[in-house]
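sequence plus predicted model, see below.
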Amino acid sequence: MIKAVFFDVDGTLVSFKTHQVPQSTLEAIKELQAKGIKVFVATGRHPSILSEGNNVHEIDFDGFVTLNGQYCFTKDREIIYENNICKEDIVSLLEFMKENKFPCAFVEDKDTYINYIDDVVENLLKSVNVPLPPVENIERAINGKVFQLNPYVNVEFQEKLMKVLPNCEATRWSPAFIDVIPAGGGKHVAIEKIMEYYGYKKDEIMAFGDGGNDKTMLMTAGIGVAMGNANEDVKEIANYVTTSVDENGVLNALKYFNII
């Protein structure tokens, strides 16, 4: 019996075309909760921009997995798990960026900031209808608590960059940038912490996703569902591939497994 369902945001709950959660998804989630099934968001987004440019605020989540699993809390804001990037890697990155120019966002618990903004950053954030972060002196990261980095680099440069971040790992759901998190982290770690917190078993968990940063989450869940618009590597590891977010994918999968 499924007791909890985890949902990625962009490309899973929210359409890249409309920047909205489809009505069929909103109604399906309400039906889940009416049956006593808890609903969690599991996103790479910062908590402060979860509902920016979309209608995610219409969902009354029971808990939150944010920053790709590095910052997780209950509906009442009780922190279940947090995991930040070590200071050694932050110092190493700042030195590297003095010789290598690329935009990089630094994500802390309260806010996000970036060293500079170019067309790549503008176009990417426009595609998900998210506002541009403020440009600030990134040296502040030395004394902050950074949970995630968002370097806007291509695949070729990624390998060079990650050599200066030995205690981190990267996932990519866009050719424009990567999510950098502490090594061994990810949405799956947060889900395991939530399972422990609530006493859930693997076969009581279901998860929906579409991007590379969702793969470990789908493999951790008893039922991992890839959206029809998901990357091919995500579909390959999923237990089930539903229709796209714009074709009632969430509703169709929940009905397929007789959850609702």
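Cool, got the structure.

for residue 77, see how far away the residue nearest to residue 82 when sequence neighbours are not counted is.
What sits nearest to residue 82 in space, not counting adjacent residues and going by C-beta to C-beta, 6 or more residues apart in numbering, is residue 71, at 5.2 Å. Every residue, glycine included, has its C-beta placed from N, CA and C. Separation of residue 71 from residue 77 (C-beta to C-beta, to the nearest Å): 11 Å.

and residue 239, by the same measure?
32 Å.

which residue ranges of the stretch 101-250 of the chain form helices?
119-127, 155-162, 187-198, 215-220, 232-237, 249-256 (DSSP state H, counting those that start in this stretch).

and the last one, how far out from the chain's middle?
Just to be clear, that refers to helix 249-256. Distance, stretch centre to chain centre, for helix 249-256: 21 Å (C-alpha atoms, centre = their mean, to the nearest Å).

just the mean pLDDT for that helix, thanks.
Averaged across helix 249-256, the pLDDT comes to 98.

who's in contact with the residue nearest to residue 82?
47, 79, 81-83, 109, 147 (C-beta atoms under 8 Å, 6 or more residues apart in numbering).

do the same with residue 135
By C-beta under 8 Å, 6+ apart, the neighbours of residue 135 are 113-117.

same thing but 6 Å
By C-beta atoms under 6 Å, 6 or more residues apart in numbering, the contact set of residue 135 is 114, 116.

looking at this, residue 94 is in a helix?
Yes. Residue 94 sits within a helix when classified using DSSP: H, G, I helix; E, B strand; the rest coil.

state the pLDDT value of it.
98.

one step back: can you tell me how far the residue nearest to residue 82 is from residue 246?
29 Å.

same deal with residue 188?
Separation of residue 188 from residue 246 (C-beta to C-beta): 27 Å.

tell me which of these two has more neighbours.
Neighbours per residue, other C-beta atoms under 10 Å: of residue 188 and residue 246, the larger number sits with residue 188, 22 against 15.

so that one touches residue 220, yeah?
Yes. Using C-beta atoms under 6 Å, residue 188 makes contact with residue 220 at a distance of 4.1 Å.

which stretches in this protein count as strands?
In the chain, the strands defined using DSSP state E lie at 4-7, 38-42, 63-66, 71-74, 79-82, 104-108, 112-114, 146-151, 168-174, 177-182, 205-209, 223-226, 240-241.
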